[in-house]
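In: Give me the fold of what follows.
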Amino acid sequence: MPTYLLTWNPKKSPLDVDALHQGSKTLAKGKKFVGSWSAGNTKGIKRGDRVFLLRQGSYRPGMIGSGIVATSAELRSNWDPKQRRAGKKALFVDVKWQDLLPNHELGRASLLKGILPPTLLKVAASGAQIPPELCAQLEARWAAHVASGHQPSSAPVPTDIYSDPTPIATTAQFKQALLKLRAREDITPKHLAMLRAHYEATAHTITTQQLAEAAGYGTHSPANSQYGDLAHRIATALNYRAGEFPDGKPHWWRTLAYGNADATYNPEGRYEWIMRPELVAALQELNWVSTPRAARPLQISPLTFNRQFARFAAQVRHSSDGQPFTSFHAGLPAEWEDYKEDVRNEALRLLNIRSWKRSDVGTGRILTHVIQAIEIHDSSRKIRNNLVAWQNRFGHQKRAHRALLDARKSAPARRELEQWCLDFFQNRLEDEEAFERLRRLVGSRYDLVAYLFFLKDWLRFMPIAPTTFDKAFKLLGVDLVTSLHCSWENYSHYNAVFTEVKTLLRDIAEVAEARLIDAHSFCWMLVRLDLPTAAKATTIPLPRTIGSILPITRPSAPASAQSGEFDVVTDEDHSEREERRRRLGNLAQDIALQSERRRLHELGLVKQDESVRPVWNEPARGYDILSIEPDGSPRHIEVKSTRRSGGKLSFYLSDYEWKISRTKPNYWFYLVLETESTRPDVIIVPAADISSACLAPVTYLASFTVGEQ
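Out: The predicted structure is shown next:
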């Protein structure tokens, strides 16, 4: 990211003193502050560039501010009164200031100590570009300075024009906009499916390609268009003007999300988008999404899941003549579980919801469609519904849909049930209200209620067989009992478990295309398959410290760049690397979490489970685990699955994590070695012991200006 130096001399521009002090107070209150500043003669400063503010002159010279450019350089009225009276203009930029410290400068003497050259500190005007090779050390020194005497902004520093996390609306405003669109029926089922897929993604972060897959599109382009259309409608309801593409066209997606600052933008649907926290909260408060994972303690240990999945995969191989598990669309899983999708498709055909009218309520017509969608048994096509106990095997009183059958002979019951069906399937009821109303109408027939929710939205709701799934949850270490607990709260937690299993199928089992229905199938087969004994459990070590840390001398550029040769990486290679990185990262986080709890237990802090909190689904924090010290002060832990080669330890670190490690007090790296073994090792290193000399660039930002031909 290009970085520029803006300058200020109080003697030449005394009117800026009050503005800077007011801006400092505004930022200290957690509010945003945007101000205009001279860009000198530099026309190339663009929106999204990084800037530092240098106070010049004899009074306390030094660095006093930093921020992100909000508008590209443009001509405005001159700051100099004489020039202004003469009709001359000057270049200005608007800056979204992140830190302004007019009373706490990073002194000129400190800047001269190997950070910035004297010539740069003596520039005559704003707008000088700071050489890229100096930026990392300047950022680290500035971050340490800010932390030493000022509370820094908690917002991540955007690294491109798409990754600005500044709120555009409150939770209440997002709720009002969503309700307004629903009242006008301006939110289509596809829109809602994509919103929920984005919300349910890990850390509410998703690519357009993943969004396309969740919504049933073949490529990312139509999903991009549809989601952009929804974002445009919400922006209109908010009276919000979305940020722009470089060509000046509005980028409506930024109404709903901002880019992951550590990801790389590209037009092929692989850029990561983080849903705005205010929108996340709005969806939760409206009950448009399942119970949020962040609101519940972590339920499934990745280590436990890994052991259980290994049993599942071994039995699938054994039952498939040695063919390994590849997906839920092939082999034994497909033979056992594909019928559920067929049943749902047939049920939706029989429901024929589009034909329902208000005048049908009370006639029995809607009820007939619903009963047909339950009693599915087509021998010729081998489709039979066993997701609901509808057959008359144990007498009429035991049939799940007995209340529906009986309502055909009772006008009041028929009217009430058909009104519920119409309102429910035509999206006129909130989820909790719909669940509890139906439970009162049909009794606590959990399988029937869950089945109808499954028919309506299988991206969020799953059918249930309480006895079987209670056994599966016990194997996975989930503290949830569904038998005899038919309620909206229980069902919300039930579906949230499958969301978690879906994530683990992707991140631990490397099932890239895992769906919620696949998570449901896995849990069912985990109980119904004759599985082998689980492998030996992982032994969790105490975290240990190491001796001194010495940086490794490296060439200034990668060997491939020096030799002119580059490794060819296919899409498949890239995908496999990402899947393995996620898998090792998740296992390492679980090992480190349990290791930290063991550390606190050894120290006599018996409530260690309450004192250690995983926060890896909150990327803005810049660390994975929040723990405590014996004196009650916080310990910030970043977990890394680490490679050992001889005496060298290596791990990947994002720019944002590095910046946070420089500013957060008591920040530690927990390095997990032998992550996939049953006896891993956890080495802990205070961030202060790792200097910038230990870092090597593995990703580059290429920047240049294009001259006129």
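In: For the host helix or strand of residue 370, which outside residues touch it?
Out: Assessed by DSSP states H and E, residue 370 sits inside helix 365-374. For helix 365-374, the external contacting residues (CB atoms under 8 Å, 6 or more residues apart in numbering) are 346-348, 350-352, 356, 360, 385, 388, 390, 400-401, 404-405, 407-408, 414, 417-418, 421-422, 448, 451-452, 455. Bear in mind the C-beta positions are built from the backbone N, C-alpha and C, glycine included.
In: for stretch 542-555, same thing?
Out: 562, 592, 595-596, 598-599, 602, 648, 670, 681-685, 689-691, 693-694, 696.
In: Restricted to helices, list those residues.
Out: Members of those lying in helices (criterion: DSSP state H): 562, 592, 595, 596, 598, 599, 602.
In: what's the angle between the helix or strand where residue 451 lies and helix 365-374?
Out: In the assignment (DSSP H and E), residue 451 maps to helix 446-456. Taking axes from the mean of the first three to the mean of the last three CA atoms, to 10 degrees, one finds helix 446-456 and helix 365-374 inclined to each other by 100 degrees.
In: so who does the nearest residue to residue 479 once chain neighbours are set aside touch?
Out: Of all residues not flanking residue 479 in the chain, residue 299 sits nearest, at 7.3 Å (CB to CB, 6 or more residues apart in numbering). Applying CB under 8 Å, 6+ apart to residue 299 gives the contacts 476, 477, 478, 479, 480, 496, 497, 500.
In: For these, work out which two are farthest apart.
Out: Pairwise distances across these peak at 14.8 Å for 477 and 496 (criterion: CB to CB).
In: quick one, which of those two is more surrounded?
Out: Under the criterion of other CB atoms under 10 Å, the comparison of residue 477 against residue 496 puts residue 496 first, with 21 against 13.
In: where does the more buried one fall, helix, sheet strand or coil?
Out: When classified by DSSP: H, G, I helix; E, B strand; the rest coil, residue 496 comes out as helix.
In: where's it relative to residue 417, distance?
Out: Separation of residue 496 from residue 417 (CB to CB, to the nearest Å): 28 Å.
In: Likewise for residue 38?
Out: 71 Å.
In: just residue 194 next, same as before
Out: Where residue 417 is concerned, residue 194 sits at a distance of 32 Å (CB to CB).
In: same thing with residue 664?
Out: Relative to residue 417, and taking CB to CB, residue 664 is found at 57 Å.
In: So the two - more neighbours on which side?
Out: For the pair residue 664 and residue 417, the greater number of neighbours falls to residue 417 (25 against 20), based on other CB under 10 Å.
In: Could I get the contacting residues of the residue lying closest to that one once chain neighbours are set aside?
Out: Using CB to CB, 6+ apart and skipping the chain neighbours, the partner closest in space to residue 417 is residue 407 (5.1 Å). Shown in contact with residue 407 (CB under 8 Å, 6+ apart): 367, 413, 414, 416, 417.
In: Can you flag the buried ones in the ones in helices among the contacts of stretch 542-555?
Out: Buried by 16 or more other CB atoms under 10 Å: 592, 595, 596, 598, 599, out of the ones in helices among the contacts of stretch 542-555.
In: returning to that earlier point: secondary structure and pLDDT for the contacts of residue 299 - can I get that in a markdown table?
Out: Shown next, in a markdown table, are the contacts of residue 299 (DSSP: H, G, I helix; E, B strand; the rest coil; pLDDT from 0 to 100):
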| residue | secondary structure | pLDDT |
| --- | --- | --- |
| 476 | coil | 95 |
| 477 | coil | 93 |
| 478 | coil | 93 |
| 479 | coil | 89 |
| 480 | coil | 91 |
| 496 | helix | 92 |
| 497 | helix | 95 |
| 500 | helix | 92 |
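In: Any of the residues you listed buried? List them.
Out: Buried subset of these (neighbour count, 16+ other CB under 10 Å): 476, 478, 480, 496, 497, 500.
In: my guess is residue 536 contacts residue 310, does it?
Out: No. Applying CB atoms under 8 Å as the test, residue 536 and residue 310 come out as separate, 10.9 Å apart.
In: So the two - more neighbours on which side?
Out: Taking neighbours as other CB under 10 Å, residue 536 and residue 310 compare with residue 310 leading, 15 against 9.
In: Domain parsing of the chain, as residue ranges.
Out: Here the domain assignment for the chain is 3-149, 171-289, 302-528, 544-564+575-694, based on automatic domain parsing.
In: Which one, of those domains, ends up nearest to residue 704?
Out: Of all these, domain 3-149 comes closest under CB to CB, at 10.2 Å.
In: I'd like the distance from the closest one to the chain centre, please.
Out: 33 Å (CA atoms, centre = their mean, to the nearest Å).
In: could you say what helices and strands the one helix or strand residue 35 maps to packs with?
Out: Secondary structure assignment for residue 35, by DSSP H and E: strand 33-38. Helices and strands touching strand 33-38, by 3 or more CB pairs under 8 Å, 6 or more residues apart in numbering; DSSP states H and E, are helix 16-28, strand 89-100.
In: With distance to residue 65 and mean neighbour count added, can I get the ones you listed in TSV?
Out: Shown next, in TSV, are the helices and strands packed on strand 33-38 (distance: least, CB to CB, whole Å; neighbours: other CB atoms under 10 Å):
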stretch	distance to residue 65	mean neighbour count
helix 16-28	7	16
strand 89-100	4	21
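In: nearest to residue 588, of the ones you listed?
Out: Among the helices and strands packed on strand 33-38, the nearest to residue 588 by CB to CB is strand 89-100 (31.1 Å).
In: Which SSE is immediately downstream of the helix holding residue 370?
Out: Next along the chain after helix 365-374, taking DSSP H and E as the criterion, comes strand 377-378.
In: list the helices and strands that following strand packs on?
Out: Against strand 377-378 (3+ CB pairs under 8 Å, 6+ apart) you get strand 383-384.
In: partners of the strand it packs on, with directions?
Out: strand 377-378 (antiparallel) (DSSP bridges).
In: pLDDT on the strand it pairs with, on average?
Out: In this model, strand 377-378 has an average pLDDT of 91.
In: Please convert the buried members of the contacts of helix 365-374 into ChimeraX selection syntax.
Out: The ChimeraX selection below is limited to those of the contacts of helix 365-374 classed as buried (16+ other CB under 10 Å):
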select :346,347,350,351,356,360,385,388,390,400,401,404,405,407,414,417,418,421,422,448,451,452,455
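In: taking the contacts of helix 365-374 one by one, which sit in helices?
Out: Cross-referencing these against helices under DSSP H gives 346-348, 350-351, 404-405, 407, 414, 417-418, 421-422, 448, 451-452, 455.
In: Just name the shakiest helix or strand of this structure by mean pLDDT.
Out: Ranked by mean pLDDT, DSSP states H and E, the helix or strand of the chain with the weakest confidence is helix 559-563, at a mean of 46.
In: quick one: the strands in the stretch 501-650 of the chain?
Out: Listed in chain order, the strands of the stretch 501-650 of the chain (DSSP state E, counting those that start in this stretch) span 544-545, 613-614, 625-628, 634-641, 643-645, 648-650.
In: Go through those and pick out the most buried.
Out: Comparing the strands of the stretch 501-650 of the chain by mean neighbour count (mean count of other CB atoms under 10 Å), strand 634-641 ranks first with a mean of 23.
In: which other helices and strands contact that one?
Out: Helices and strands touching strand 634-641, by 3+ CB pairs under 8 Å, 6+ apart, are helix 571-602, strand 625-628, helix 655-663, strand 667-673.
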